[in-house]
Structures are given as structure tokens and as C-alpha cells.
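>>> heads up, no residue letters with this:
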């Protein structure tokens, strides 16, 4: 089932491949200009120690500002392009979903609750759009910037770079373990949302029956119970995500501590310059 879903999404991605390709190119430029900033910052720091003049520092400041400006510009273009493409895919899927519903026999609607159908058209489609929009944006950014950053670090000092990368395998392991729980909770939340939608639809369509048998309070209690379960599941998801983010932040900070400790010693010993360290 999972492979079928991914295969279907792949067809939509291929349909709008030029949009994603454009976004990827914009991402390359954005990361390139972003990577220039620490390189440009390195030289004025080293030159300050050599007693350089203010005009030279001003030139580097202008270059850093220009790099930051173009990095932001291309980053905006990347997000706009990929997010727009994901909206087009969402539009196509929504239309095809509605067209498919019109071809189904009446027996299907007797077996499947209307709330389930509405949940697919709202919550599930939003999840797909987030995957094909922000999800791909974050993936492209992470992959490209990781390669560029590691290459730049290795060029400056191999030993320091390898020491700084020590926490990253543990970050990957933590993410893999936590993502299993997140996927499980997300599926549970989607199912609970479907139950809420179904209950709301049943009450709206059968409001006369509810009133005729004076079941308002009973139905309100049932709906509140479903909503409370939905709240509990979302809070559990937020708790797991917060633990994952906290763990990643801790491990990333550990890498920074290693760099400050070892790198600071290298600067004192003259093995690398202060600009390279920064």
C-alpha cells in the first residue's frame, strides 16, 4: 500500500518536474550565496589582526550583505516555486478524487462513512501537500547545505571537521527512532480526525432524529469524548516531537562544544587562523 502511494505521488512529481527542477536550481544558488558568508567573514577577521583599514572591512561587509541578500532572494524563489508546485498537485489530486467519487456505486457510500470521505479530502490532502511542498524544501536544503558545509569544513581542517561530525550518526539514529513513533501517532490522529468528521456529519444530517429523541446532551458528550481523544493524541505527538528536537539540539550543541574546545586549542597553537575557526 505504501509503495502504491509513493508510486502515485511520483507520477504527480514527474508531471510537474520542471517546477521542482527550478526549485532545485534556486536552492543551489541560495546555498551557494549562504556558504559565501562564512568565507567572506574569515578574511576581515584575519585582516583585523594584521591591522587592515576600515575601507577594506567595509568592502567585505558590503560583500557579506550582498551574499545574504541574494541567498534570501533565491531561497524565497525556491520556496515560492516548490510550494506553488505542491499547490498545483493538490489541486489535481482534489479534482481527481472528486471525479472518482462520482463514479463509485451507491453501495460504497453505504459502507464508508461520509466523515471518512471528508477527512481524505481535507486532512489527508493537506498532509500530502506538506510532504510535496515544505517537506521537499527542507530535504533539498538539508542535503545541499550538508554537502557544501562538510566540503568547506574538510578543506579548512580534516581533523577538526571529523571531530565536529561525531554527533551526527547519533542524530540520525535518534531521528529514525523518533520518526517511527511520530508516524504511528500521526496515523492515529488521522484516524481520530476521521471519527470526528463522521460524528459531526451524522449529527448534522440527522439533527431532526437527534432532537426528536432528545439526544442532544448524549451526542454532545460523545463528540466531546472524541474531541478529547483527538487533543490527547495531538499532545502526545507534540511531546514526542519536542523530545526529538531537544535531543537533536543537545547533540548539535555537543558538536559545537567539541569544535570550540579542539578548534580553540588549534588557534592558540597557530595550526589554524582565527578567521578559519570562525
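It's in. The structure displayed is predicted, hence computed values, not measured ones.

>>> For the protein, which segments count as helices?
Shown for the chain, the helices assigned by DSSP state H span residues 2-15, 17-49, 54-103, 106-111, 114-119, 125-130, 136-156, 158-164, 167-205, 207-212, 216-258, 264-269, 274-277.

>>> want to throw these into JSON lines with mean pLDDT?
Output for the helices of the chain, formatted as JSON lines (pLDDT from 0 to 100):
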{"stretch": "helix 2-15", "mean pLDDT": "78"}
{"stretch": "helix 17-49", "mean pLDDT": "86"}
{"stretch": "helix 54-103", "mean pLDDT": "91"}
{"stretch": "helix 106-111", "mean pLDDT": "86"}
{"stretch": "helix 114-119", "mean pLDDT": "78"}
{"stretch": "helix 125-130", "mean pLDDT": "88"}
{"stretch": "helix 136-156", "mean pLDDT": "86"}
{"stretch": "helix 158-164", "mean pLDDT": "82"}
{"stretch": "helix 167-205", "mean pLDDT": "87"}
{"stretch": "helix 207-212", "mean pLDDT": "84"}
{"stretch": "helix 216-258", "mean pLDDT": "91"}
{"stretch": "helix 264-269", "mean pLDDT": "79"}
{"stretch": "helix 274-277", "mean pLDDT": "67"}
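
>>> For the ones you listed, could you give me JSON lines that also reports mean neighbour count?
Glycine gets a C-beta too; all of them are placed from N, C-alpha and C. Formatted as JSON lines, these follow (neighbours: other Cβ atoms under 10 Å):
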{"stretch": "helix 2-15", "mean neighbour count": "11"}
{"stretch": "helix 17-49", "mean neighbour count": "17"}
{"stretch": "helix 54-103", "mean neighbour count": "15"}
{"stretch": "helix 106-111", "mean neighbour count": "8"}
{"stretch": "helix 114-119", "mean neighbour count": "18"}
{"stretch": "helix 125-130", "mean neighbour count": "16"}
{"stretch": "helix 136-156", "mean neighbour count": "14"}
{"stretch": "helix 158-164", "mean neighbour count": "16"}
{"stretch": "helix 167-205", "mean neighbour count": "15"}
{"stretch": "helix 207-212", "mean neighbour count": "11"}
{"stretch": "helix 216-258", "mean neighbour count": "13"}
{"stretch": "helix 264-269", "mean neighbour count": "12"}
{"stretch": "helix 274-277", "mean neighbour count": "18"}
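
>>> quick one: contacts for the nearest residue to residue 236 once chain neighbours are set aside?
Closest residue to residue 236 apart from its sequence neighbours, by Cβ to Cβ, 6 or more residues apart in numbering: residue 185 at 5.8 Å. Neighbouring residues of residue 185 by Cβ atoms under 8 Å, 6 or more residues apart in numbering: 233, 236-237, 240.
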